[in-house]
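Engineer: This is a predicted model, with the sequence first.
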Amino acid sequence: MEKITLNGLWNAVCYLPDGTNFPLKGQVPGCSIHDLVNAGKLPENLFWRDHADAVQTYEHCDFDYTKDFTMDVQKGRQYFLQFERLDTYCQIRLNDVLLGKCMDEHIPHSFDVTDILT
């Protein structure tokens, strides 16, 4: 089986409860909290004194992570998009097609994307 990895930097958007949003880079695999630290939105040492309170600003935010990629698709082959872990609540889309929704934390998921790619 041939594999390509989508690990690395992804484009992300943080949607705040007040209706505003901002772009940032996301590391996959990774964590939105670390992405916020790297974007300068949270202090680096979250566990120093009252820095952990700063995270509360982002606890009710939604995040979109997107990645553009290309691959050679061959007829007669089957293609799967596999995730080792997904966050608690998420939707997975490929080429604007909803593949699935997840409501469990850090469980592997696999989606047959053959019909979307061919």
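Structural biologist: Arrived safely.

Engineer: residues touching the most centrally placed residue in the chain, list them.
Structural biologist: Centroid-nearest residue in the chain, with C-alpha atoms, centre = their mean: residue 65, separated by 4.2 Å. Applying C-beta atoms under 8 Å, 6 or more residues apart in numbering to residue 65 gives the contacts 10-12, 26, 28. Backbone N, C-alpha and C define where each C-beta goes, glycine included.

Engineer: Specify the local secondary structure of residue 23.
Structural biologist: strand (DSSP: H, G, I helix; E, B strand; the rest coil).

Engineer: I'd guessed it sits against residue 15; true?
Structural biologist: No - judged on C-beta atoms under 8 Å, residue 23 makes no contact with residue 15 at a distance of 10.8 Å.

Engineer: between these two, which one's more packed in?
Structural biologist: The residue with more neighbours, out of residue 23 and residue 15, is residue 15; 14 against 11, by other C-beta atoms under 10 Å.

Engineer: My read is that that one contacts residue 60, right?
Structural biologist: No - the pair residue 15 / residue 60 is not scored as a contact, 9.8 Å apart, by C-beta under 8 Å.
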